[in-house]
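# Pasting the sequence and the predicted coordinates here, then a few questions.
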Amino acid sequence: MSSELNPVFESVSRYFALLSEPMRVRLLHILCDGEKSVNEIVAAAESPQPTVSKHLNYLANAKVLGRRREGTQVFYQIANQTMVQLCRTVCVHIAAEMDEASSNKSQQENLLALMPADNESLYTKTHHV
């Protein structure tokens, strides 16, 4: 493998690391529909203000979020639409997998409920002995 790509791989790894914390993914979701104040974000995230602020600062320093001050209020908005699109794509994919797994589990549970408790009974019922 060419070592000239190593800086690219390192940058990609840092890019994906931004999404390694569930709170950051939640914050992106909260801000997807537009700019919000820190107070609005804290309320929507249902997390303590210091925790939310820490992650907002992390995302803003990485240029994923933009921020502006208006008096004593700080407002955040999405600054990197690529990150949001990436996050949405992954979230939709994982949600679909979870739905499928849940559906499969329900189907398996339904089949197990129809089955007798022991294999001898199953054999007897299926072979009419």
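Sure, I can see it.
# which residue ranges form the helices in this structure?
6-17, 22-31, 38-45, 49-61, 81-114, 119-127 (DSSP state H).
# Give me the distance from the third one to the chain's centre.
The reference is to helix 38-45. For helix 38-45, the separation from the chain centroid amounts to 18 Å (computed by C-alpha atoms, centre = their mean, to the nearest Å).
# helices and strands around it, which ones?
Contacting helix 38-45 under the criterion 3 or more C-beta pairs under 8 Å, 6 or more residues apart in numbering; DSSP states H and E are the following elements: helix 22-31, helix 49-61, strand 73-78. Just so you know, the C-beta spots here come from the backbone N, C-alpha and C atoms, and that holds for glycine as well.
# Going by neighbour count, list what's buried in it.
Val38, Ile41, Val42, Ala45 (16 or more other C-beta atoms under 10 Å).
# The third one and Val52 touch, don't they?
In other words, Val42. Yes - under the criterion of C-beta atoms under 8 Å, Val42 makes contact with Val52 at 4.9 Å.
# if we can go back for a sec, could you redo the helices of the chain as JSON lines and give each row distance to Gly71?
Converted to JSON lines, these look like this (distance: least, C-beta to C-beta, whole Å):
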{"stretch": "helix 6-17", "distance to Gly71": "34"}
{"stretch": "helix 22-31", "distance to Gly71": "20"}
{"stretch": "helix 38-45", "distance to Gly71": "12"}
{"stretch": "helix 49-61", "distance to Gly71": "17"}
{"stretch": "helix 81-114", "distance to Gly71": "28"}
{"stretch": "helix 119-127", "distance to Gly71": "72"}
